[in-house]
Structure formats: C-alpha cells, structure tokens
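Asker: What follows is a predicted protein model with its sequence.
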Amino acid sequence: MAVKVKLVNMIPQSQSNESNNDSEANVAVNIADPRILGGTAFTATVNAVIFLSSDGGDTWIEAPIVPAGTGDYNAKFTRNALYCGDLVFATLAVFQSFDTLSLLPMVQIDAEPNIDQPWMAVETVQHTPTGIW
C-alpha cells in the first residue's frame, strides 16, 4: 500500500531567508478536525507565535496568540481546545484556547517552576481535560 506524504514549509516566505532560527519545530493536529493544525518553532519574532493552518497544511498564518514570549514551547490539541506550554524564565506556563482560529490571545491556566525543555501531553475524557503533563 502506498503512503502519501505532504512536505510543507510552515515558515512564512518573508522569513524563509533566515538561517539561525525556526528550529525545534512541533506540529499538532486537531483530532476533532484534522484540517486544523498548529505548529511551533523558534522564530525571529518577538512574541511567541503559533503557526496555524485551517486547510490541512496547504497554507499557514503566523498567529501571535501565545502571551509569553520565549519561543521555547510546543502545542497539543484535545477535541475542544489547543494547549501551549511555553518556557518563561525557567517556569513552564500553560496556555489554552477553545477557539484557535479566532486569533484571540490564549489564556494562561497553569504554571510549573524549574522546568526546561517543555513538552506536553494532554488527555481528554468526555471532552474535559483531565490532565496536562
């Protein structure tokens, strides 16, 4: 059985000539609607942004909806929300958005001190987040 693979550059063309950033990429897929994707990477922007796609990755926008600003972060979807973990001065700040494509700022819902290299796993039971690790 043949497998189809699509390779897409989510970094905006205006930043495509840089060579020192846009590393440690992470892609999250909305399990309720796989056409909605979120991507994170170190970027040349001041605020932490998330790259968003509503068409399965064919096109991307750079959305400054993560209120923190280190860029050392990742994203995960549940069926009804997007979560981002962002390392802010050795504290892992956790943000949430129930309407990712609205481009409204995410809301901070938790913080854990003395964390490095943020990585999250989000579990949902009956559409209610039961744990963020």
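Answerer: Right, received. Where do you want to start?

Asker: in the sheet, who's paired with the residue minimising distance to the centre of the chain?
Answerer: Nearest to the geometric centre of the chain sits residue 75, at 3.3 Å (Cα atoms, centre = their mean). For residue 75, the beta-bridge partners are residue 84 (DSSP bridges).

Asker: Hmm, it is touching residue 84, no?
Answerer: Yes: taking contacts as Cβ atoms under 8 Å, residue 75 lies within contact range of residue 84: 4.8 Å. C-beta here means a position set from N, CA and C on the backbone, and glycine is covered the same way.

Asker: residues bridging contact with these two, i.e. touching both?
Answerer: 40, 50 (Cβ atoms under 8 Å, 6 or more residues apart in numbering).

Asker: give the contact list for residue 32.
Answerer: The neighbourhood of residue 32, defined by Cβ under 8 Å, 6+ apart, consists of 77, 79-80.

Asker: ok, 7 Å please
Answerer: By Cβ atoms under 7 Å, 6 or more residues apart in numbering, the contact list for residue 32 reads 79-80.

Asker: measure it to residue 110 for me?
Answerer: Note on residue 32: its distance to residue 110, by Cβ to Cβ, to the nearest Å, is 22 Å.
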